[in-house]
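Novice: Structural data only, the sequence is not supplied:
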């Protein structure tokens with residue numbers, strides 16, 4: 001049985017090969033395994049949540065990406081102030097996800113014959 005770190009390494013390899021669906025599955029498995037080891041709100045999860053969020057975003061699964069990033073932000077805020085660069089970066093990523101959703105809603109596709 002593979003460790004969370006081994007699963008994450010395999011996910012990174014799949015991602016480098018362009019197999020984002022497989023990478024997403026492996027990142028999710030790695031996160032689940034790490035959660036079982038350390039609990040649901042521990043700083044050890046930060047890297048796993050970030051990787052999962054990024055791959056979900058790459059797969060255009062914005063809601064799942066936002067969920068991972070928001071959970072990561074909640075954990076970060078237990079240990080760091082709002083001014084910490086990781087907190088600021090995550091807030092920017094979450095804002096970007098929302099901006100992209102609004103952009104799609106504001107600019108409907110034009111169908112031409």
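Specialist: The structure has been received and is ready for your questions. Keep in mind that what you see is a predicted model, and the values were worked out from it rather than measured. Numbers count the residues shown, from 1 in each chain.

Novice: buried residues in the strand or helix carrying residue 95?
Specialist: Here residue 95 sits within helix 85-106, counting by DSSP states H and E. For helix 85-106, a neighbour-count test (16 or more other C-beta atoms under 10 Å) marks 87, 90, 93, 94, 97 as buried. C-beta here means a position set from N, CA and C on the backbone, and glycine is covered the same way.

Novice: Report the mean confidence score over that helix.
Specialist: Mean per-residue pLDDT for helix 85-106: 83.

Novice: And the contacts of it?
Specialist: 53, 57, 62, 65-66, 69-70, 72-73, 76-77, 80-82 (C-beta atoms under 8 Å, 6 or more residues apart in numbering).

Novice: Next, work out how far apart the residue lying closest to residue 77 once chain neighbours are set aside and residue 24 are.
Specialist: Spatially, and ignoring its direct neighbours in sequence, residue 77 is nearest to residue 87 (6.5 Å; C-beta to C-beta, 6 or more residues apart in numbering). Residue 87 sits 25 Å away from residue 24, going by C-beta to C-beta, to the nearest Å.

Novice: Next: residue 32.
Specialist: 13 Å.

Novice: Comparing those two, which shows the higher neighbour count?
Specialist: Using other C-beta atoms under 10 Å, the more surrounded residue of residue 32 and residue 24 is residue 24, with 22 against 13.

Novice: What segments of the chain are helices?
Specialist: Counting by DSSP state H, the chain has helices at residues 4-16, 20-38, 46-58, 62-79, 85-106.

Novice: Among those, show the one with the smallest mean pLDDT.
Specialist: Among the helices of the chain, helix 85-106 scores lowest, with a mean of 83.

Novice: just to revisit the earlier point, nearest to residue 49 among the buried residues of helix 85-106?
Specialist: residue 90 (9.7 Å; C-beta to C-beta).

Novice: now residue 8: how far from residue 80?
Specialist: 23 Å.

Novice: quick one: which of those two has more around it?
Specialist: residue 8 (23 against 13).

Novice: Which residue is the nearest non-sequential neighbour of the more buried one?
Specialist: residue 30 (4.3 Å).

Novice: Nothing else from me, thank you.
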